[in-house]
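Enquirer: sequence below, structure please.
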Amino acid sequence: MNYIVKAAIILYLSLVLIIDHDITYQQFLILLVIIAVNIFKERYYDSVYLTIVTLLLTFAAVTVDFRFSILFALCSYDFILKRKYIGCGVTAMCMTVLLRSSDLLFTNLLIVLFCSLLAYVIYKRKEERDSFKQTVDNERRLRYELEDTKAKLLHSSKEVANIAEVRERNRIAQEIHDTLGHSMAGILFQLQAAYKLHPRNQEKSLVMVQNSIEGLANSVELLRNTVHNIKPKQSLGIEYIKSIINNFSFCPVDLRLNGDFNTIPASHLELLSTNIKEALTNASRYSRATNMDVKIEANEQYTRMYIKDNGVGCKTMKEGLGLSGMRERVRNVGGSLSISANDGFLIVCLIPKEGSGIFESSNR
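Expert: As a prediction, the model looks like this:
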């Protein structure tokens, strides 16, 4: 844009000089120098000092020929772009002083004013463009940071799950060792002794075998009690989801399951359980529903949960902490959550399996 404005001003001056057939060698030389300074300024070194040089050259040229006063528009244009409003005022003063007795004063002042306004508009547009670019860059940076944080959280959750699994294995091993290890070792020693004693004293060896049988029976009973104590009291996985729905008394809930739920990670099952709780709570508070449908489908690529009630719904939906929490939990594992309140209340949750590739193209 700068090239167009400056080229138009210089072309206009050149045409005026050519049409009047009145151009001297000195005028032509000054015009070439001004053109060279502006080309250098636009292409190599954009500095306010070069604008001042252009102003001085224009001042010198106007003292020779008033027609060069049109070049003050170049100076005013550059000063406005550089936000040097004092320079623009100096340009107007120089022009007024030099052309105070010339008919060109009013016309050229209008041209200078027009160029100044044009420069101001261009500067504002550039400022808005830079601000928009900075906003986009910040948004992109924050999105990358969010993706990085999400990856770290997923990695941390896997590490926590692995640590918990190792601790649980160690606890079970210690429990079996403490409760059964010593007992089974004693029975083994007693049976070995009975085996060696049998040729010499069969009666005593039989008594030892009988004691070993009783000890073994006690150990089996102890093993059963240990396993019973190790088994968690609370239902886990899909059984826990069934218990949530069975304990919901507001309205009947039709639960339908499809797929192999043993392949669903524990963290995903916990997420589904939390979201079902939130959906049932919202339904009991706001829906006035008489029936609800809950469908959970699991396959190799994703887990999909569908929750629909036949309640009143709402025309304008505002997400509170509950719904925004559901959406945030699903997003943290790379899934999506769709909500509709037009005909009753509908929630569709889609969670991809790790390594399935689903949603990867949309996330890029």
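Enquirer: could you list the single helix or strand in the chain with the lowest mean pLDDT?
Expert: Least confident helix or strand of the chain, by mean pLDDT, DSSP states H and E, is helix 360-363 with a mean of 44.
Enquirer: identify the residue nearest Ala193 in space, chain neighbours excluded?
Expert: Met208 (6.2 Å; Cβ to Cβ, 6 or more residues apart in numbering). C-betas here are computed from N, CA, C, even on glycine.
Enquirer: give the buried residues for the helix or strand encompassing that neighbour.
Expert: Here Met208, judged by DSSP states H and E, is contained in helix 202-230. Neighbour counts over helix 202-230 (16 or more other Cβ atoms under 10 Å) mark Ser205, Met208, Val209, Ser212, Gly215, Leu216, Ser219, Thr226 as buried.
Enquirer: for stretch 265-279, same thing?
Expert: For stretch 265-279, the neighbour count (16+ other Cβ under 10 Å) marks Pro265, Ser267, His268, Leu269, Leu271, Leu272, Ser273, Asn275, Ile276, Lys277, Glu278, Ala279 as buried.
Enquirer: export those residues to CSV and tack on distance to Asn332?
Expert: Output for those, formatted as CSV (distance: Cβ to Cβ, whole Å):
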residue, distance to Asn332
Pro265, 13
Ser267, 10
His268, 11
Leu269, 15
Leu271, 9
Leu272, 14
Ser273, 15
Asn275, 12
Ile276, 17
Lys277, 17
Glu278, 15
Ala279, 18
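Enquirer: list the contacts of the closest residue to Ile35 other than its chain neighbours.
Expert: Nearest in space to Ile35, with sequence neighbours left out and distances taken as Cβ to Cβ, 6+ apart, is Ile10 at 6.1 Å. For Ile10, the contact set (Cβ atoms under 8 Å, 6 or more residues apart in numbering) comprises Leu31, Ile34, Ile35, Asn38, Leu71, Leu74.
Enquirer: most neighbours out of those residues, which is it?
Expert: Highest neighbour count within these, by other Cβ atoms under 10 Å: Leu71, with 27 neighbours.
Enquirer: and the pLDDT for Glu300?
Expert: Glu300 carries a pLDDT value of 87.
Enquirer: that one: what secondary structure?
Expert: coil (DSSP: H, G, I helix; E, B strand; the rest coil).
Enquirer: how is the protein carved up into domains?
Expert: 2-127, 155-230, 237-363 (automatic domain parsing).
Enquirer: any low-confidence regions in the stretch 201-350 of the chain?
Expert: Residues of the stretch 201-350 of the chain meeting the criterion pLDDT under 70: 226-236.
Enquirer: show me where it has helices.
Expert: For the stretch 201-350 of the chain, helices defined by DSSP state H, counting those that start in this stretch occupy the ranges 202-230, 237-246, 266-282, 321-332.
Enquirer: repeat for the stretch 51-200 of the chain
Expert: Assigned by DSSP H, counting those that start in this stretch, the stretch 51-200 of the chain shows helices spanning 72-81, 85-98, 104-176, 182-197.
Enquirer: now the shortest one against helix 104-176, angle please.
Expert: Taking axes from the mean of the first three to the mean of the last three Cα atoms, to 10 degrees, one finds that helix 72-81 is oriented at 20 degrees with respect to helix 104-176.
Enquirer: name the helix or strand for the residue nearest to Ile35, please.
Expert: Ile10 belongs to helix 2-20 when elements are defined using DSSP H and E.
Enquirer: tilt between the following helix or strand past that helix and helix 2-20?
Expert: Note on helix 2-20: by DSSP H and E, the next helix or strand toward the C-terminus is helix 25-43. Here helix 25-43 runs at an angle of 170 degrees relative to helix 2-20 (the same axes, to 10 degrees).
Enquirer: with that, I have no additional questions.
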